[in-house]
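Peer 1: Here's a sequence, model it:
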Amino acid sequence: MAGEISLITRRAWEQTLHQLALSDEEACHLELSAITFVDVAGVSALAVAAQSLPEGRRIVLEEAPAALRRVLGMFWPDLPAVEVVTA
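Peer 2: Predicted coordinates for the structure are as follows:
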């Protein structure tokens, strides 16, 4: 992922999250160091996708922007299906 996650790119973001949900992988990794902006709706879509995963599966966010981490922490502080990894 690169650029902004906003109204303009939301459909592509949601499709990416949907594909992750369909995967059989225990941990689906998203490398987000090139994301320059994410709106609350984009973070919400991530949370909804994570909540729909079967138990034991998770989405691993690598190098997630600070704003995304803050919004996750404020609205979904105990979301076990999302793991944030920083360098």
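Peer 1: does the residue nearest the centre of the chain sit in a helix, a strand or a coil?
Peer 2: By C-alpha atoms, centre = their mean, the mean C-alpha position of the chain lies nearest to L46, the distance being 4.1 Å. Under DSSP: H, G, I helix; E, B strand; the rest coil, the three-state class of L46 is helix.
Peer 1: same check, this time on the one 10 residues further on
Peer 2: G56 falls in the coil class when you classify it by three-state DSSP.
Peer 1: That one and M74, how far apart?
Peer 2: 26 Å (C-beta to C-beta, to the nearest Å). Every residue, glycine included, has its C-beta placed from N, CA and C.
Peer 1: what do you get for V43?
Peer 2: Taking C-beta to C-beta, one finds V43 at 9 Å from M74.
Peer 1: and what of W13?
Peer 2: Distance from W13 to M74, by C-beta to C-beta: 19 Å.
Peer 1: Run through the helices of the protein in chain order.
Peer 2: 10-22, 40-51, 66-75 (DSSP state H).
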